[in-house]
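Asks: Any chance you could fold what I've pasted below:
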Amino acid sequence: MNARGESGRSHVRLCEDGIALLLVLFVVALCSILVVNMTYSSYLSSRLSSYTVRNLQAEYLLKSALNFARVLIALDESPRVDSPSDIWAKFTKGVAVPADQYLGINVPGLVVEIEIESEEAKMPLRGLLTGDSAKARVNKKWRDAVARYFSLLGFDDDGEVDHTGTFPKKVFNSK
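Replies: Predicted coordinates:
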């Protein structure tokens, strides 16, 4: 009976050891999952904060470029007449601003471009119609000017159909 009793205890002891081993494996797996989850969460948080910092930097860079353009316009010696000799005129084509020199930002590879246009150089599309929207009449002077401009740009020669879908298969020209 002694041998049988020992083998019975030995079998119970082996089962207990197996259950303990399974519990240890379960705890290790659970801890591994928690560590991986916390690491991933930290990674996402750091990326989010990095994006937030870059967004804030971009916002203040935009404000700096805008203030730089305002200073250039304020330094204009002949505000009533716009000419190519004005201090802001070299920025009419979107020229890069030396960020380290004018904006005080020294970031390698950073390119900041500003474009300043004279308000009189724009074509007033509101001038095409006169009156209320319900009773609006076409201003022939501005319509002819816009038609000539579009013709010079080659819009009549492109042969492209309306891309908005409002006028299917319609090819517009200035005539």
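
Asks: All the strands of the chain, residue numbers only.
Replies: 95-97, 112-114, 129-130, 137-138 (DSSP state E).

Asks: Parallel or antiparallel, which strands does the first one pair with?
Replies: Read it as strand 95-97. The pairing partners recorded for strand 95-97 under DSSP bridges are strand 112-114 (antiparallel).

Asks: Could you do the third one as well?
Replies: Pairing partners of strand 129-130, with direction, according to DSSP bridges: strand 137-138 (antiparallel).

Asks: mean confidence for the strand it pairs with?
Replies: Model confidence over strand 137-138, given as mean pLDDT, is 82.

Asks: any low-confidence regions in this structure?
Replies: Where the chain drops to pLDDT under 70, the residues are 1-9, 11, 174-175.

Asks: tell me the domain ranges of it?
Replies: Structural domains assigned to the chain are 2-118, 123-175, following automatic domain parsing.

Asks: Now tabulate those domains in a markdown table and tack on mean neighbour count.
Replies: Where C-beta positions appear, they are placed from N, C-alpha and C, glycine not excepted. Formatted as a markdown table, the domains of the chain follow (neighbours: other CB atoms under 10 Å):
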| stretch | mean neighbour count |
| --- | --- |
| domain 2-118 | 11 |
| domain 123-175 | 11 |
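
Asks: rewinding a little: now the strands of the chain in JSON lines, with distance to S46?
Replies: Formatted as JSON lines, the strands of the chain follow (distance: least, CB to CB, whole Å):
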{"stretch": "strand 95-97", "distance to S46": "31"}
{"stretch": "strand 112-114", "distance to S46": "27"}
{"stretch": "strand 129-130", "distance to S46": "54"}
{"stretch": "strand 137-138", "distance to S46": "59"}
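
Asks: For L153, find the nearest of these.
Replies: Closest to L153 of those, according to CB to CB: strand 137-138, at 20.4 Å.

Asks: For that closest one, what is the distance to the chain centroid?
Replies: 39 Å (CA atoms, centre = their mean, to the nearest Å).

Asks: Just the C-alphas of stretch 115-123, formatted as CSV.
Replies: C-alpha atoms of stretch 115-123 as CSV (Å, rounded to 0.1, in the frame of the first residue of the first chain):
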residue,chain,number,x,y,z
GLU,A,115,3.7,85.3,-53.0
ILE,A,116,2.6,88.9,-52.8
GLU,A,117,0.3,90.2,-55.6
SER,A,118,-1.1,93.6,-56.2
GLU,A,119,-4.9,93.8,-55.7
GLU,A,120,-5.3,95.7,-58.9
ALA,A,121,-3.6,92.8,-60.9
LYS,A,122,-6.6,90.6,-60.2
MET,A,123,-9.5,90.2,-62.5
